[in-house]
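Q: with the input below, show me the fold.
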Amino acid sequence: MTSSNGETVRQLTLAGNGIACLSGFMVKKDIEEGRLVALLEPEKLINTGREQINAVFYKSSSVAKRISAFIDFIQPKISL
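A: Model prediction:
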């Protein structure tokens with residue numbers, strides 16, 4: 001299954017529909033309370049308290065000026 005909505009993916013995973021790659025803030029309580037089990041722990045960023053984020057868009061199409069401006073603004077602030 002695929003979804004562009006993280007909460008939908010979380011609910012599908014909680015219902016036993018496989019594994020998912022979700023942000024820690026979305027599943028922290030579920031993991032603490034035993035509803036979900038963390039997999040691939042060595043793959044996450046260690047000792048940063050941060051999570052990786054991505055800006056995804058099609059390079060072949062025009063990007064709205066407001067999106068380009070936001071990416072240009074936020075990029076230097078989130079570099080590790």
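
Q: check the gap between the spatially closest residue to Ile31 that is not a sequence neighbour and Val27 for me.
A: Leaving aside its chain neighbours, Ile31 sits nearest to Ala38 (5.4 Å; criterion: C-beta to C-beta, 6 or more residues apart in numbering). To be clear about C-beta, it is placed using only N, CA and C from the backbone, and glycine gets the same treatment. In this view, Ala38 and Val27 are 8 Å apart by C-beta to C-beta, to the nearest Å.

Q: now do Asn17
A: Separation of Asn17 from Val27 (C-beta to C-beta): 15 Å.

Q: just checking, what's the longest helix in the protein?
A: helix 65-78 (DSSP state H).

Q: quickly find the element holding the residue nearest to Ile31.
A: Using DSSP states H and E, Ala38 sits within no helix or strand.

Q: again with Thr2
A: Counting by DSSP H and E, Thr2 is part of no helix or strand.

Q: that one: how many residues sit nearby?
A: Neighbourhood size, Thr2 [other C-beta atoms under 10 Å]: 6.

Q: distance of it from Leu12?
A: Shown here: Thr2 relative to Leu12, a distance of 10 Å by C-beta to C-beta.

Q: of Ala38 and Val27, give the one with the bigger neighbour count.
A: Comparing Ala38 with Val27 by other C-beta under 10 Å, the one with more neighbours is Val27, at 19 against 11.

Q: find the nearest non-adjacent residue to the more buried one, please.
A: Take Val27 and drop its neighbours on the chain: the residue closest to it by C-beta to C-beta, 6+ apart is Leu36, 5.5 Å away.

Q: where do the helices sit along the chain?
A: Shown for the chain, the helices assigned by DSSP H span residues 6-14, 24-32, 65-78.

Q: so which of those is the most surrounded?
A: helix 6-14 (a mean of 15; mean count of other C-beta atoms under 10 Å).
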